[in-house]
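**Student:** whatever this is, show me its structure:
(one chain, ligands or ions: 1)
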Amino acid sequence: MPMPRAVYTFPRGFLWGTATAAHQVEGGNANNTWAAWEQQPGKIANGDTAGRACEWWQGRWREDFDRAAEAGQNAHRLSVEWSRIQPTPDRWDEDALEHYRQMVRGLIQRGMTPIVTLHHFTDPLWLAERGGWENPETPGLFAVFVAKVVEALRAYVTRWCTINEPNVYTALGYVAGVFPPGKQDIRIAMKVAERLAQGHAAAYEAIHRVQPEAQVGLTVYYRPMRPARPWFLPDRVLARVEGRWFNDYFAVAAASGRRLLPVGSRRDRRLGPALDWFGLNYYTTELVAFAFRRPDFARRFPPKGAPLSEHGELALTPEGLFAGIRWAQRFGVPILVTENGVEDSTDALRPRYLVEHIHQVWRAVNFNWRVQGYLHWTLVDNFEWQRGWTWRYGLWALDVATQRRIKRPSADLYAAICRSNALDTETVARYAPAALDALLPGVAAV
Ligand code: FCB
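**Tutor:** A predicted model of the protein is given here:
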C-alpha cells in the first residue's frame with residue numbers, strides 16, 4: 001500500500017528564515033565583554049575565541065545572505081554590536097552604522113525582511129567598567145544607543161528586538177557565572193533582571209519616538225521545566241517556581257508592566273506595557289527533581305527516551321515548542337519563533353528536529369494562534385559562546401580556518417519547506433524518515 005501523502009501548509013506571508021548574532025558571526029570584535037572573557041583561561045571550551053568568526057564584518061555576509069535567499073528564506077534576524085557603534089561613551093562610529101545599513105539593505109535586495117536585535121549578550125567594555133546592567137543608568141544609556149541605531153536603519157527596518165534572552169543573560173552571567181561577568185549572586189541577578197526589563201521598556205519608547213510605525217519586541221529563551229516526579233509536591237513546586245522566574249519574568253514585565261515578586265507582582269510603570277510582538281526561542285524541555293543538597297535545589301535531566309543532541313544536552317521534545325506558543329499567547333501580541341535549532345555537527349538529528357518542530361508550529365497555526373514566522377538557529381556554524389566552536393548549529397557547516405561553507409542535508413530540507421511554505425510528507429520521507437511517525441502517526445510504520 002503506498003504511503004498517504006500529506007501537505008501541511010502555512011499561511012501566506014509566513015516568515016521563514018534563520019537567526020544570527022553579531023559577536024557570533026562578525027569576527028574581529030575586540031571591544032566588548034565577550035572578547036575580554038575569551039581571553040581568560042578556562043572560560044571557553046577548548047580555549048576557543050570568536051576570532052574571525054564567519055567573517056561577516058569582512059563582507060562574507062553577502063555570500064551567506066545569498067545562500068539564505070537561494071534557499072527560499074524570506075526573513076533574517078541579525079544583531080548589531082553596540083561596542084562597534086559606540087566604541088566610547090562620547091563617540092559614534094558612522095562607518096559601523098553604514099556597514100549595518102548595507103547589511104539590512106542587502107537583505108531587502110534579496111527579498112528578505114530584516115529583524116534587528118539591539119542587544120545580544122555582549123556589552124561594550126566601557127559600559128562594563130561602569131557596572132554594566134547593575135548600574136541604574138544603563139537602561140537610559142541603552143535607549144540612547146537604540147535611538148541612534150533606529151535613526152540610521154529606519155529606512156529599511158521596522159521590526160526590532162530590543163534584548164535577546166535577558167533571562168539567559170541574567171541566569172548565566174549572574175547565577176551560574178559562565179557568561180561574563182561570571183558572578184554567582186542571586187541578589188545582584190534580581191537587580192540586573194530589573195534593569196534589563198527597564199532597558200527593554202526604555203528602548204521600546206525610544207524606538208517608537210523615532211519610528212512610530214515600528215514593531216518592537218524582545219526574545220525570551222523558553223524552557224519548559226516539568227516535575228520529574230509529578231506525584232511529588234516538592235518537584236512540582238520547584239518546576240513552578242523556576243519556570244516562573246526563568247520563563248515568565250521578562251514576558252510579564254514587558255507585556256503588562258508588572259514586576260514579579262517571590263509572591264505576587266507589583267505594577268511598575270518603568271517596565272511597560274511595552275510589547276508589539278513576542279519572540280520565542282525554544283530548544284528543549286527538561287525535567288527537574290528537588291535535591292536538597294544542590295545550591296539551586298534542583299537536579300535536571302532530559303525526558304526519558306527522548307533522542308539527545310550530539311553533546312547530550314538538548315533533548316528532542318518538539319511538543320515543548322507547541323506548549324511555548326500556547327504559553328506566549330497569553331501576552332496578547334503576535335508571536336515569532338525567533339530561534340530553534342540543535343547542535344549537531346554530523347546532521348544526524350537535525351533533519352528530524354527541524355521537521356518535528358515545524359510540525360508543532362503548524363499545529364499552533366491551526367489553532368489560529370498568532371504565529372507569524374519561524375527562524376532557525378542558525379544559517380552557518382558560528383561561535384557558540386562558552387562552547388566555543390565545539391557546538392555546531394548551522395544548516396551549513398563552517399571550516400573556520402578556510403572559511404569554507406559546506407552544506408548539510410538539513411539546508412536542502414529547510415529550503416524545500418521555505419520555498420513551498422509547507423511541510424510535505426514526500427520531502428520528509430526523503431530527508432527525515434524518522435519524523436514521519438510524528439506527522440502520520442501509525443501510518444508510516446505500516
Ligand atoms: C541561544 C542564543 C544564541 C545561540 C543559541 C544556540 O540561547 O540566543 O545566541 O547561542 O542559543
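
**Student:** tell me the helices in the stretch 301-446 of the chain, going along the chain?
**Tutor:** Remark: helices assigned in the stretch 301-446 of the chain by DSSP state H, counting those that start in this stretch are 319-329, 350-365, 409-420, 425-431, 436-439.

**Student:** of all the ones you listed, which lies closest to the ligand?
**Tutor:** Smallest distance to the ligand across these (Cβ to the nearest ligand atom): 12.8 Å, for helix 350-365. The C-beta positions use only the backbone N, C-alpha and C, and glycine is treated the same way.

**Student:** now stretch 320-335: buried residues?
**Tutor:** Of the residues in stretch 320-335, those buried by neighbour count under the rule 16 or more other Cβ atoms under 10 Å are 320-325, 327-329, 331, 333-335.

**Student:** what's the following helix or strand after the longest helix along the chain?
**Tutor:** Using DSSP state H, we find that the single longest helix of the chain is helix 186-210. The C-terminal neighbour of helix 186-210 among helices and strands, as given by DSSP states H and E, is strand 215-222.

**Student:** does that next one reach the ligand?
**Tutor:** Yes - applying Cβ under 6 Å from any ligand atom, one finds strand 215-222 touching the ligand at residue 221.

**Student:** what's the angle from that strand to helix 186-210?
**Tutor:** For strand 215-222 against helix 186-210, the angle by axes from the mean of the first three to the mean of the last three Cα atoms, to 10 degrees is 160 degrees.

**Student:** show me what strand 215-222 is in contact with.
**Tutor:** 117, 158-168, 200, 203-204, 207-208, 246-247, 250-251, 254, 274-283, 324, 327-328, 333, 336, 338-339 (Cβ atoms under 8 Å, 6 or more residues apart in numbering).

**Student:** quick one: strands adjacent to it?
**Tutor:** Strand 215-222 has its sheet partners listed here by DSSP bridges as strand 159-164 (parallel), strand 277-282 (parallel).

**Student:** name the residues that touch the last one?
**Tutor:** By Cβ under 8 Å, 6+ apart, the residues outside strand 277-282 that reach it are 159, 161, 164-165, 215-223, 251, 255, 320-321, 324-325, 328, 331, 333-340, 357, 372, 377.

**Student:** so for the helix or strand that that strand is followed by, what gets flagged as buried?
**Tutor:** Helices and strands here follow DSSP H and E; after strand 277-282, the next one along the chain is strand 286-290. Taking 16+ other Cβ under 10 Å as the neighbour-count basis, strand 286-290 is seen to contain the buried residues 286, 287, 288, 289, 290.

**Student:** so what pairs up with the fourth one in the strands?
**Tutor:** Counting by DSSP bridges, residue 289 forms beta bridges with residue 299.

**Student:** how near is it to residue 358?
**Tutor:** Here the distance between residue 289 and residue 358 works out to 31 Å (Cβ to Cβ, to the nearest Å).

**Student:** hang on, residue 252 in a strand?
**Tutor:** No - the assignment for residue 252 (DSSP: H, G, I helix; E, B strand; the rest coil) gives helix, which keeps it out of a strand.

**Student:** for it, give me its contacts.
**Tutor:** If you count contacts by Cβ under 8 Å, 6+ apart, residue 252 has them with 258, 260, 265, 331.

**Student:** ditto for residue 138
**Tutor:** Listed by Cβ under 8 Å, 6+ apart, the contact set of residue 138 reads 127, 130, 131, 132, 195, 199.

**Student:** same thing but 10 Å
**Tutor:** Contact criterion Cβ atoms under 10 Å, 6 or more residues apart in numbering gives 123, 127, 130, 131, 132, 192, 195, 196, 198, 199, 202 as the residues in contact with residue 138.

**Student:** which of the residues you listed sits closest to residue 351?
**Tutor:** For the contacts of residue 138, the residue nearest residue 351 by Cβ to Cβ is residue 196; the value is 35.7 Å.

**Student:** relative to residue 250, how far out is the closest one?
**Tutor:** Between residue 196 and residue 250 the distance is 7 Å, computed by Cβ to Cβ.

**Student:** show me how far stretch 368-388 is from its chain's centre.
**Tutor:** Between the centre of stretch 368-388 and the centre of its host chain there is 5 Å, according to Cα atoms, centre = their mean, to the nearest Å.

**Student:** pull out the buried positions in it.
**Tutor:** For stretch 368-388, burial by neighbour count (16+ other Cβ under 10 Å) applies to 369-388.

**Student:** got a pLDDT number for residue 1?
**Tutor:** At residue 1, the pLDDT value in this model is 64.

**Student:** residue 311 - how many residues pack around it?
**Tutor:** The number of residues packed near residue 311 is 13, by other Cβ atoms under 10 Å.

**Student:** ditto for residue 41
**Tutor:** Counted with other Cβ under 10 Å, the burial measure for residue 41 works out to 6 neighbours.

**Student:** with adjacent residues omitted, what lies nearest to it?
**Tutor:** In this structure, residue 41 finds its nearest non-sequential neighbour in residue 47, 7.2 Å apart by Cβ to Cβ, 6 or more residues apart in numbering.

**Student:** the one you found against residue 386, yeah?
**Tutor:** No - with contact defined as Cβ atoms under 10 Å, residue 47 does not count as touching residue 386 (11.7 Å).

**Student:** give me the common contacts of those two.
**Tutor:** Both residue 47 and residue 386 are contacted by residue 38, under the criterion Cβ under 10 Å, 6+ apart.

**Student:** could you check the distance from the closest residue to the ligand within the stretch 201-350 of the chain over to residue 170?
**Tutor:** Using Cβ to the nearest ligand atom, the closest approach of the stretch 201-350 of the chain to the ligand is made by residue 221 at 5.2 Å. As defined by Cβ to Cβ, residue 221 lies at a distance of 11 Å from residue 170.
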